[in-house]
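In: Have a look at this prediction, sequence included:
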Amino acid sequence: MIDETFHLTPLDVRRYEFGRSLRGYDPERVEQFREQVAEEFERLTRLNAELEQKARGFHEQLRAFRERDKALNEALVSAQQLRQEIREQSEREAELIVREAQLQGDQQLEMARAEIRRAEHEIEALERSRRSYLSQMRVFVERQLAEIEASEQARTLPGSSSRAESRVHE
(Lines give C-alpha, C1' and ligand atoms only; values in the text may rest on other atoms or scores of the structure.)
Protein backbone atom coordinates (compact mmCIF):
# COMPACT_ATOMS: atom_id res chain seq x y z
CA MET A 1 0.00 0.00 0.00
CA ILE A 2 2.53 2.56 1.12
CA ASP A 3 5.73 2.77 -0.89
CA GLU A 4 8.49 3.01 1.62
CA THR A 5 11.37 3.17 -0.84
CA PHE A 6 11.02 6.85 -1.61
CA HIS A 7 10.01 9.47 0.91
CA LEU A 8 10.07 13.02 -0.22
CA THR A 9 10.63 15.80 2.27
CA PRO A 10 10.44 19.54 1.74
CA LEU A 11 14.23 19.64 2.00
CA ASP A 12 14.47 17.04 -0.80
CA VAL A 13 12.30 19.23 -3.03
CA ARG A 14 14.45 22.30 -2.34
CA ARG A 15 17.74 20.53 -2.98
CA TYR A 16 16.72 18.50 -5.98
CA GLU A 17 18.72 19.59 -9.01
CA PHE A 18 17.37 19.14 -12.43
CA GLY A 19 19.89 18.39 -15.13
CA ARG A 20 20.41 21.13 -17.71
CA SER A 21 19.80 20.70 -21.32
CA LEU A 22 19.83 23.05 -24.25
CA ARG A 23 16.41 24.32 -23.66
CA GLY A 24 16.38 24.38 -19.85
CA TYR A 25 15.58 21.55 -17.50
CA ASP A 26 15.58 17.99 -18.70
CA PRO A 27 11.88 17.28 -19.29
CA GLU A 28 12.24 13.59 -18.56
CA ARG A 29 13.82 14.20 -15.14
CA VAL A 30 11.25 16.89 -14.36
CA GLU A 31 8.44 14.46 -15.22
CA GLN A 32 10.08 11.74 -13.15
CA PHE A 33 10.37 14.13 -10.21
CA ARG A 34 6.78 15.29 -10.60
CA GLU A 35 5.63 11.67 -10.67
CA GLN A 36 7.57 10.95 -7.48
CA VAL A 37 6.16 14.07 -5.83
CA ALA A 38 2.64 13.13 -6.91
CA GLU A 39 3.04 9.58 -5.59
CA GLU A 40 4.41 10.89 -2.31
CA PHE A 41 1.57 13.36 -1.96
CA GLU A 42 -0.95 10.62 -2.79
CA ARG A 43 0.68 8.43 -0.18
CA LEU A 44 0.57 11.27 2.32
CA THR A 45 -3.04 12.05 1.41
CA ARG A 46 -4.03 8.40 1.91
CA LEU A 47 -2.04 8.30 5.15
CA ASN A 48 -3.68 11.54 6.25
CA ALA A 49 -7.13 10.13 5.40
CA GLU A 50 -6.34 6.94 7.32
CA LEU A 51 -5.11 8.96 10.29
CA GLU A 52 -8.19 11.16 10.16
CA GLN A 53 -10.36 8.03 10.05
CA LYS A 54 -8.48 6.63 13.05
CA ALA A 55 -8.78 9.97 14.81
CA ARG A 56 -12.55 9.96 14.20
CA GLY A 57 -12.65 6.40 15.53
CA PHE A 58 -10.62 7.45 18.57
CA HIS A 59 -12.85 10.48 19.09
CA GLU A 60 -15.89 8.20 18.87
CA GLN A 61 -14.28 5.80 21.35
CA LEU A 62 -13.40 8.72 23.60
CA ARG A 63 -16.99 9.97 23.42
CA ALA A 64 -18.24 6.44 24.23
CA PHE A 65 -15.73 6.18 27.10
CA ARG A 66 -16.82 9.56 28.42
CA GLU A 67 -20.46 8.49 28.23
CA ARG A 68 -19.60 5.26 30.06
CA ASP A 69 -17.57 7.22 32.58
CA LYS A 70 -20.48 9.59 33.10
CA ALA A 71 -22.89 6.63 33.43
CA LEU A 72 -20.52 4.92 35.87
CA ASN A 73 -20.18 8.11 37.91
CA GLU A 74 -23.95 8.52 37.97
CA ALA A 75 -24.34 4.87 38.97
CA LEU A 76 -21.71 5.34 41.68
CA VAL A 77 -23.49 8.42 43.01
CA SER A 78 -26.81 6.57 42.89
CA ALA A 79 -25.27 3.60 44.68
CA GLN A 80 -23.81 5.89 47.34
CA GLN A 81 -27.16 7.60 47.80
CA LEU A 82 -28.91 4.24 47.95
CA ARG A 83 -26.35 3.00 50.47
CA GLN A 84 -26.93 6.11 52.60
CA GLU A 85 -30.71 5.70 52.36
CA ILE A 86 -30.46 2.01 53.27
CA ARG A 87 -28.18 2.86 56.20
CA GLU A 88 -30.59 5.52 57.46
CA GLN A 89 -33.56 3.19 57.03
CA SER A 90 -31.69 0.41 58.84
CA GLU A 91 -30.86 2.77 61.68
CA ARG A 92 -34.51 3.84 61.93
CA GLU A 93 -35.63 0.21 61.92
CA ALA A 94 -33.01 -0.68 64.53
CA GLU A 95 -34.20 2.19 66.74
CA LEU A 96 -37.79 1.03 66.31
CA ILE A 97 -36.84 -2.55 67.19
CA VAL A 98 -34.94 -1.34 70.27
CA ARG A 99 -37.90 0.79 71.38
CA GLU A 100 -40.31 -2.10 70.86
CA ALA A 101 -37.97 -4.43 72.74
CA GLN A 102 -37.67 -1.93 75.59
CA LEU A 103 -41.44 -1.51 75.70
CA GLN A 104 -41.94 -5.27 75.67
CA GLY A 105 -39.24 -5.64 78.33
CA ASP A 106 -40.92 -2.97 80.47
CA GLN A 107 -44.27 -4.74 80.06
CA GLN A 108 -42.78 -8.09 81.04
CA LEU A 109 -41.01 -6.47 83.98
CA GLU A 110 -44.28 -4.89 85.15
CA MET A 111 -46.05 -8.24 84.75
CA ALA A 112 -43.31 -9.90 86.79
CA ARG A 113 -43.62 -7.24 89.48
CA ALA A 114 -47.39 -7.72 89.56
CA GLU A 115 -46.87 -11.47 89.84
CA ILE A 116 -44.41 -10.89 92.69
CA ARG A 117 -46.94 -8.64 94.48
CA ARG A 118 -49.64 -11.25 93.99
CA ALA A 119 -47.34 -13.99 95.31
CA GLU A 120 -46.38 -11.81 98.30
CA HIS A 121 -50.08 -11.23 99.12
CA GLU A 122 -50.71 -14.94 98.76
CA ILE A 123 -47.77 -15.69 101.06
CA GLU A 124 -49.09 -13.18 103.59
CA ALA A 125 -52.55 -14.77 103.41
CA LEU A 126 -51.02 -18.22 103.85
CA GLU A 127 -48.97 -16.96 106.78
CA ARG A 128 -52.14 -15.54 108.41
CA SER A 129 -53.90 -18.85 107.78
CA ARG A 130 -50.96 -20.75 109.30
CA ARG A 131 -50.95 -18.50 112.39
CA SER A 132 -54.72 -18.87 112.71
CA TYR A 133 -54.46 -22.63 112.33
CA LEU A 134 -51.64 -22.81 114.90
CA SER A 135 -53.65 -20.62 117.27
CA GLN A 136 -56.71 -22.81 116.88
CA MET A 137 -54.57 -25.89 117.29
CA ARG A 138 -52.99 -24.40 120.43
CA VAL A 139 -56.46 -23.67 121.85
CA PHE A 140 -57.58 -27.20 120.96
CA VAL A 141 -54.47 -28.80 122.48
CA GLU A 142 -54.76 -26.62 125.61
CA ARG A 143 -58.42 -27.66 125.97
CA GLN A 144 -57.47 -31.27 125.57
CA LEU A 145 -54.68 -30.85 128.16
CA ALA A 146 -57.11 -29.16 130.50
CA GLU A 147 -59.54 -32.01 130.12
CA ILE A 148 -56.77 -34.52 130.70
CA GLU A 149 -55.67 -32.67 133.82
CA ALA A 150 -59.25 -32.42 135.00
CA SER A 151 -59.69 -36.10 134.40
CA GLU A 152 -56.53 -36.90 136.33
CA GLN A 153 -57.64 -34.72 139.21
CA ALA A 154 -61.04 -36.31 139.21
CA ARG A 155 -59.49 -39.72 139.64
CA THR A 156 -57.49 -38.65 142.59
CA LEU A 157 -60.60 -37.26 144.32
CA PRO A 158 -62.87 -39.81 145.96
CA GLY A 159 -66.19 -40.33 144.27
CA SER A 160 -65.41 -38.46 141.12
CA SER A 161 -64.06 -41.30 139.01
CA SER A 162 -67.34 -41.92 137.29
CA ARG A 163 -67.56 -38.31 136.08
CA ALA A 164 -64.06 -38.31 134.64
CA GLU A 165 -64.72 -41.55 132.85
CA SER A 166 -67.91 -40.18 131.39
CA ARG A 167 -66.02 -37.09 130.11
CA VAL A 168 -63.28 -39.15 128.52
CA HIS A 169 -65.91 -41.14 126.59
CA GLU A 170 -67.55 -38.03 125.26
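Out: Ah, there it is.
In: Do a quick rundown of the strands in the chain.
Out: For the chain, the strands identified by DSSP state E occupy 20-21, 24-25, in order along the chain.
In: ranking those strands by mean pLDDT, which is last?
Out: Per-segment mean pLDDT for these reaches its minimum on strand 20-21, at a mean of 68.
In: where does the chain have low pLDDT?
Out: For the chain, applying pLDDT under 70 flags the ranges 1-11, 13-15, 18, 20-22, 158-170.
In: What segments of it are helices?
Out: Secondary structure of the chain, counting by DSSP state H: helices at 10-15, 27-156, 161-169.
In: Now render those as TSV, adding mean neighbour count.
Out: Yep, even glycine has a C-beta here, placed from its N, CA and C like the rest. Converted to TSV, those look like this (neighbours: other Cβ atoms under 10 Å):
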stretch	mean neighbour count
helix 10-15	9
helix 27-156	11
helix 161-169	12
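In: And residue 70, how close does it get to residue 63?
Out: According to Cβ to Cβ, to the nearest Å, residue 70 and residue 63 sit 10 Å apart.
In: nope, residue 23 is what I meant
Out: If you go by Cβ to Cβ, the gap between residue 23 and residue 63 works out to 59 Å.
In: How about residue 120?
Out: Between residue 120 and residue 63 the distance is 84 Å, computed by Cβ to Cβ.
In: go on, residue 107?
Out: Residue 107 sits at a distance of 65 Å from residue 63 (criterion: Cβ to Cβ).
In: can you check residue 76 too?
Out: Spatial separation of residue 76 from residue 63 under the definition Cβ to Cβ is 20 Å.
In: same question, residue 71
Out: Applying Cβ to Cβ, the value for residue 71 to residue 63 is 13 Å.
In: Same check on residue 32?
Out: 46 Å.
In: Likewise for residue 43?
Out: When residue 43 is compared with residue 63 (using Cβ to Cβ), they lie 30 Å apart.
In: likewise residue 110?
Out: When distance is defined by Cβ to Cβ, residue 110 is 69 Å away from residue 63.
In: Residue 128 too?
Out: Using Cβ to Cβ, one obtains 96 Å as the distance from residue 128 to residue 63.
In: what's the answer for residue 100, then?
Out: Summarising the geometry, the distance separating residue 100 from residue 63, computed by Cβ to Cβ, is 54 Å.
In: Same check on residue 24?
Out: Residue 24 is 55 Å from residue 63, where distance means Cβ to Cβ.
In: What of residue 42?
Out: As judged by Cβ to Cβ, residue 42 and residue 63 stand 31 Å apart.
In: Also residue 19?
Out: Here the criterion is Cβ to Cβ. By it, residue 19 lies 54 Å from residue 63.
In: What of residue 133?
Out: Using Cβ to Cβ, residue 133 is found at 102 Å from residue 63.
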